[in-house]
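Trainee: from the sequence below, what's the structure:
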Amino acid sequence: MPTRDPISPEITAMLKAWSKGENAPADEVFPLLYAELRKQAHSFLRRERPGHTLQTSALINETYIKLREQRNINWESRAHFFAISATLMRRILVDYAKTRQRAKRGAGALHVPVEQVVIAAQGSDGIDLEALDDALTRLAEFDPEQARIVELRYFSGFTIEETASVLKLSDSTVKREWRAAKAWLAHELEGKTQL
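Mentor: As a prediction, this is how the structure comes out:
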């Protein structure tokens, strides 16, 4: 999650130069933001199931590659950079989960009575990333703003104020839309994940 520090204007200037197609600023700014990207990636992975094999550094590297492939991003600020990074990290993790699921489809399936599944789910803070991604995709179809708020708040750990700044909304609007989005997702997911 982005924090303010004395070099924020310099970083914003580097990001804007990167927007103009200059590659040198990308190579210079990325190391300056690495520690914050690491926190962001760790936040994503902390919500993954136990035994997840993708490492923080691998998620950051994949994100960096995808960021470098982007050609039409007009960076507005470092908060905007972290918002785009959050979206890319989410997509990487969902793709990773789908790939692993296809590879394991049915392999080593464990048959557990329904009662034990309910008890395990109540004591777990793990999420079904694919179910959440599907629900967010459906939410984005009729309320893209709420979907972006969920991405920034849940996946990146942005505060209400940071989310409002990135989306150019008031704090009260973000709070209201966040509550509505959480309620809608809770209904859609019905026990598949916790927000």
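
Trainee: low-confidence ranges in the protein?
Mentor: 1-7, 23-24, 48-52, 100-127, 191-195 (pLDDT under 70).

Trainee: so what does T159 look like in phi/psi?
Mentor: Main-chain dihedrals, T159, degrees, to the nearest 10: phi -80, psi 170.

Trainee: how near is it to E145?
Mentor: Going from T159 to E145 by CB to CB, to the nearest Å gives 17 Å. In this view, the C-beta of every residue, glycine as well, is placed from N, C-alpha and C.

Trainee: repeat for L93
Mentor: According to CB to CB, L93 and E145 sit 22 Å apart.

Trainee: quick one, which of those two is more surrounded?
Mentor: Counted by other CB atoms under 10 Å, L93 and E145 do not tie: L93 has more neighbours, with 23 against 15.

Trainee: how much space separates the more buried one from R47?
Mentor: 9 Å.

Trainee: before we move on, what about F30?
Mentor: When F30 is compared with R47 (using CB to CB), they lie 24 Å apart.

Trainee: and if you look at K39?
Mentor: With CB to CB as the criterion, K39 and R47 are 13 Å apart.

Trainee: now the common contact residues for the two.
Mentor: The contact sets of K39 and R47 do not overlap (CB atoms under 8 Å, 6 or more residues apart in numbering).

Trainee: which strands and helices sit next to whichever helix in the chain runs longest?
Mentor: For the chain, the helix that runs over the most residues, judged by DSSP state H, is helix 78-104. With contacts taken as 3 or more CB pairs under 8 Å, 6 or more residues apart in numbering; DSSP states H and E, helix 78-104 sits against helix 8-19, helix 23-46, helix 56-69, helix 129-142, helix 160-167.
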